[in-house]
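Engineer: Structure of the sequence below:
(2 chains)
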2 protein chains.
Amino acid sequence: MQKDNGSGGTSTPTARLRRRRGSNEFPPEVDRANGGHLLVNDNTKYKSMLIRTYSTVWMIGGFALIIYMGHLYIWAMVVVIQIFMAKELFNLLKKAHEDRHLPGFWLLNWHFFFTAMLFVYGRILSQRLVNAVTMDKFLYKLVGRLNKYHMVTCYFLYITGFMWFILALKKKMYKYQFGQYAWTHMILIVVFTQSSFTVANIFEGIFWFLLPASLIVINDIAAYIFGFFFGKTPLIKLSPKKTWEGFIGASFTTMISAFLMANILGRFQWLTCPRKDLSTGWLECDPGSLFKPEYFTVPDWFPVWFPWREFSILPVQWHALCLGLFASIIAPFGGFFASGFKRAFKIKDFGDSIPGHGGITDRMDCQMVMAVFAYIYHQSFIVPQSLSIEMIMDQILVNLPFEEQQALYVKLGQLIMERQFGES
Amino acid sequence: MQKDNGSGGTSTPTARLRRRRGSNEFPPEVDRANGGHLLVNDNTKYKSMLIRTYSTVWMIGGFALIIYMGHLYIWAMVVVIQIFMAKELFNLLKKAHEDRHLPGFWLLNWHFFFTAMLFVYGRILSQRLVNAVTMDKFLYKLVGRLNKYHMVTCYFLYITGFMWFILALKKKMYKYQFGQYAWTHMILIVVFTQSSFTVANIFEGIFWFLLPASLIVINDIAAYIFGFFFGKTPLIKLSPKKTWEGFIGASFTTMISAFLMANILGRFQWLTCPRKDLSTGWLECDPGSLFKPEYFTVPDWFPVWFPWREFSILPVQWHALCLGLFASIIAPFGGFFASGFKRAFKIKDFGDSIPGHGGITDRMDCQMVMAVFAYIYHQSFIVPQSLSIEMIMDQILVNLPFEEQQALYVKLGQLIMERQFGES
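Structural biologist: Take a look at the predicted model:
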């Protein structure tokens, strides 16, 4: 691997410090502008690490509380994070001197944002609402109607924004405005892909949100620590402070954590049961074979000092290993992408919402890639193999009032009779 | 309305000609560069109109043939158009001197293109395949499996492209590369939004593809003709050759055409029936109440010269009016958007695939907006009101082998019994 000019190669303690993994990286320009002094001072570095640790602890604590409070609160948290991310990213787009001539542009961005929000969450919300009101015929119909016109409403909101954009085009600013339009869409895609998959994961069972999200955090912290103490070989030119030592150490830590965490998290029904309505009450369900412990006895030749003679493994732990592998090998590319982006546009951080961490977006780069993977993995490999009957039964019970269920039953009976009669 | 410098206001025949609606417009810069002579020469203008008419006739003829050949061929046509559009748009992105240093970038764009293709069409294809092979247990399982891993495959293809992009980032070109990445995504969104909705429309019944697409063509041609002969008042600064006269004349023409065309097209089952498999054979179905003619007698006071004493109206004609309204009022904004875009980036046309028309993309600008609307309108207002039972029945018959249908029947019966028993 070619060495990155200035930051790789030597191994004095300072150089090693500078190479440690972290998000408050400076593009070389900024670094040089400060004369390189900022990073040489070890005291400052330890102080910054303290600040960072402090806010990390607060974040993890708050996060645990929200998990305990339930699906709706987690969803709300995702929405808040999303709004902050959009705010940070929209802010990057602004060019003060151009925007002075385009007073409505800021509003237009948020118009698109809330349209996307209505589109993505409207459906999830109304599905749960249907389940919640399925006993009341009037409400049931009302929600059904809302659901029905959901798509067309969102479409017209979008078209309104589209026409607004066109009518607001100003001579000599076309290029700037079209660029803004494209970036706004990119931002919305980034923000909403992530969060819609995240919310879908939450309702499939908090487990499928909590485990992937935690693995990313663990991988981040582990890479930071391993890089801090052992970092020597630069990993990728894009983020000169990431090292192979951090990357590999973090991978192992993440895989082991995934395996252990799945064993613990998989034992709480609060985390493993899907949530089909909008209540925050207690959850009970048949957790399915994935979460049923299988018992193993330790073979006799195992050393005596090993504390357990018998242990139990949940089948879901093997899946957790796949998630861990992804979280440690592929998800970091989300971080590289963000680093490259910041470097390309010569910014240090996306924002300054979290002390010591930069903006919310800086902490979400890998989470995005992970949330999508977790959702797709869950849909492809976890959803029960014989999904068809269960899924259709679910649809029938959830979407049809009782009378229609009966009508369907009669109709299906007739068809089956016909076919049997026709065949024999 | 403020007058556009140089092209509005006066009403000499030449100025009027210059203001006619059309896609081979020159941004003022280009126009002036040619000394304005190009458009003054009436002979050249009529020749260009002839070329344009000639290629229009060929296009319409070929189109009619493809409609006759069936759903699969129409789909193939959409795919071909889509590939041409992507090619034209990707070409715009290229900057020769930058691309010389990035040999793989072109390939990466097409990698994303085919990933999107697999994602969008893979699902449609495998659904139809399931219907085609539902009798053969082995094939049924095979297709089911393909279907199941479809999403995860596409995801990994995308991630591969994503990682490839990151690893191909080159120093000093970050900004250019990130810009390219964003534009590639925008292009794919534009191209695939349109075509996936179009293909969905085709399988809902060719009617729902043919009517909207024709309305756009009619609106385009009518605006061109009305603008050519009566054009006086400029409509919008973005495309100085569009006039209010063209716009209003085209609106009336489109509304009337929509009403009449729906009456004719709505009588062919080939056009109105949905297609649920992949064959190209004849279609038969109950066209539903929307396509059942209602007979009206002309009142006595109607003038004697009026040729019909009785006429029939299909209820779908009222829906056609809505489509016509949209096609003539809102869809043109797609065209304005494209004009503005071309103006912003100082290009005359998106390509030169069709003689006299410019690129394929130039002819598709309004079609995009329309296809999405037609699909959403169909889903929201046309799909039968009591959709639930029929849709679920469909799913059962299509997705489950016969034994599972029986199993479902038994299970549903038990649940209904339980509930009735529990309630009484």
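Engineer: Enumerate every residue touching the spatially most central residue of chain A.
Structural biologist: Among the residues of chain A, the smallest C-alpha distance to the mean C-alpha position (CA atoms, centre = their mean) belongs to residue A:371, namely 3.7 Å. Contacts were defined as CB atoms under 8 Å, 6 or more residues apart in numbering or on different chains; by that measure residue A:371 touches A:194, A:195, A:197, A:198, A:201, A:209, A:212, A:213. Heads up, the C-betas are built off the backbone N, CA and C, glycines and all.
Engineer: Mind doing that once more with 10 Å?
Structural biologist: Residue A:371 makes contacts with A:78, A:193-201, A:208-209, A:212-213, A:216, A:331, A:364, as judged by CB atoms under 10 Å, 6 or more residues apart in numbering or on different chains.
Engineer: which one is the residue of the stretch 101-250 of chain A found nearest chain B nearest to, not counting chain neighbours?
Structural biologist: Here the residue of the stretch 101-250 of chain A nearest chain B is residue A:174; by CB to the nearest CB that distance is 3.4 Å. Distance criterion CB to CB, 6 or more residues apart in numbering or on different chains; nearest residue to residue A:174, sequence neighbours excluded, is residue B:344 at 3.4 Å.
Engineer: Was I right to think the one you found contacts residue A:177?
Structural biologist: Yes. In this structure residue B:344 lies within contact range of residue A:177 using CB atoms under 10 Å: 7.4 Å.
Engineer: any shared contact partners between those two?
Structural biologist: With contacts defined as CB under 10 Å, 6+ apart, the residues adjacent to both residue B:344 and residue A:177 are residue A:169.
Engineer: so does the helix or strand residue A:228 falls within get close to chain B?
Structural biologist: When secondary structure is defined by DSSP states H and E, residue A:228 falls within helix A:207-230. No. Helix A:207-230 lies out of reach of chain B by CB under 10 Å from any CB of the partner chain, never closer than 14.1 Å.
Engineer: So for that helix, what gets flagged as buried?
Structural biologist: Of the residues in helix A:207-230, those with enough neighbours to count as buried (16 or more other CB atoms under 10 Å in any protein chain shown) are A:207-228, A:230.
Engineer: Mind giving me the packing neighbours of the helix or strand just after it?
Structural biologist: Going down the chain from helix A:207-230, the next helix or strand is helix A:244-265, by DSSP H and E. When contacts are defined as 3 or more CB pairs under 10 Å, 6 or more residues apart in numbering or on different chains; DSSP states H and E, helix A:244-265 sits against helix A:13-19, helix A:207-230, helix A:269-272, strand A:310-313, helix A:316-329, helix A:332-344.
Engineer: ok, 8 Å please
Structural biologist: In terms of contacts (3 or more CB pairs under 8 Å, 6 or more residues apart in numbering or on different chains; DSSP states H and E), helix A:244-265 is packed against helix A:207-230, helix A:316-329.
Engineer: Looking at stretch A:413-420 now, give me its mean pLDDT.
Structural biologist: Confidence for stretch A:413-420, expressed as mean pLDDT, is 80.
Engineer: gap between it and the chain center?
Structural biologist: On the basis of CA atoms, centre = their mean, to the nearest Å, the separation between the geometric centre of stretch A:413-420 and that of its chain is 47 Å.
Engineer: low pLDDT regions in the stretch 1-150 of chain A?
Structural biologist: Residue ranges of the stretch 1-150 of chain A with pLDDT under 70: A:1-42, A:45, A:95-101, A:130-137, A:140-141.
Engineer: near chain B, which residues of it show up?
Structural biologist: In this structure, the stretch 1-150 of chain A approaches chain B at residues A:148, A:149, judged by CB under 8 Å from any CB of the partner chain.
Engineer: Residue A:282 should be in a strand, yeah?
Structural biologist: No. Under the criterion used here (DSSP: H, G, I helix; E, B strand; the rest coil), residue A:282 is coil, not part of a strand.
Engineer: if we can go back for a sec, specify the angle between the helix holding residue A:228 and helix A:316-329 in degrees.
Structural biologist: Calculated by axes from the mean of the first three to the mean of the last three CA atoms, to 10 degrees, helix A:207-230 forms an angle of 50 degrees with helix A:316-329.
Engineer: which residues in the stretch 51-200 of chain A form strands?
Structural biologist: Using DSSP state E, counting those that start in this stretch, the strands of the stretch 51-200 of chain A do not appear at all; there are none.
Engineer: all helices of it, in order?
Structural biologist: Listed in chain order, the helices of the stretch 51-200 of chain A (DSSP state H, counting those that start in this stretch) span A:71-93, A:96-99, A:105-133, A:137-167, A:174-204.
Engineer: For those helices, could you give me CSV that also reports distance to residue A:292 and mean neighbour count?
Structural biologist: Conversion of the helices of the stretch 51-200 of chain A to CSV gives the following (distance: least, CB to CB, whole Å; neighbours: other CB atoms under 10 Å in any protein chain shown):
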stretch, distance to residue A:292, mean neighbour count
helix A:71-93, 23, 19
helix A:96-99, 58, 10
helix A:105-133, 26, 18
helix A:137-167, 36, 16
helix A:174-204, 18, 20
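Engineer: Let me have those in TSV, extended by distance to residue B:406.
Structural biologist: Supplementary listing: these in TSV, determined by distance: least, CB to CB, whole Å:
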stretch	distance to residue B:406
helix A:71-93	36
helix A:96-99	65
helix A:105-133	28
helix A:137-167	30
helix A:174-204	29
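Engineer: Figure out which of those helices is closest to residue B:266.
Structural biologist: Distances from residue B:266 to each of the helices of the stretch 51-200 of chain A were compared by CB to CB, and the smallest falls on helix A:137-167, at 22.1 Å.
Engineer: ok so, going back, for the helices and strands packed on helix A:244-265, give me CSV that also has mean pLDDT.
Structural biologist: CSV is the format used below for these (pLDDT from 0 to 100):
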stretch, mean pLDDT
helix A:207-230, 91
helix A:316-329, 92
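Engineer: how many neighbours does residue A:286 have?
Structural biologist: Here the neighbour count serves as a burial measure; for residue A:286 (other CB atoms under 10 Å in any protein chain shown) it reads 9.
Engineer: Spell out the secondary structure type for it.
Structural biologist: On the basis of three-state DSSP, residue A:286 is classed as coil.
Engineer: Can you report phi and psi for it?
Structural biologist: With angles defined as degrees, to the nearest 10, residue A:286 sits at phi -80, psi 110.
Engineer: cool, and residue A:297?
Structural biologist: Per degrees, to the nearest 10, the backbone of residue A:297 is at phi -100, psi 140.
Engineer: so how many other residues sit close to the nearest residue to it once chain neighbours are set aside?
Structural biologist: In space, not counting the residues next to it along the chain, residue A:297 is nearest to residue A:310; the distance is 5.2 Å by CB to CB, 6+ apart. Number of residues near residue A:310 (other CB under 10 Å) recorded here: 8.
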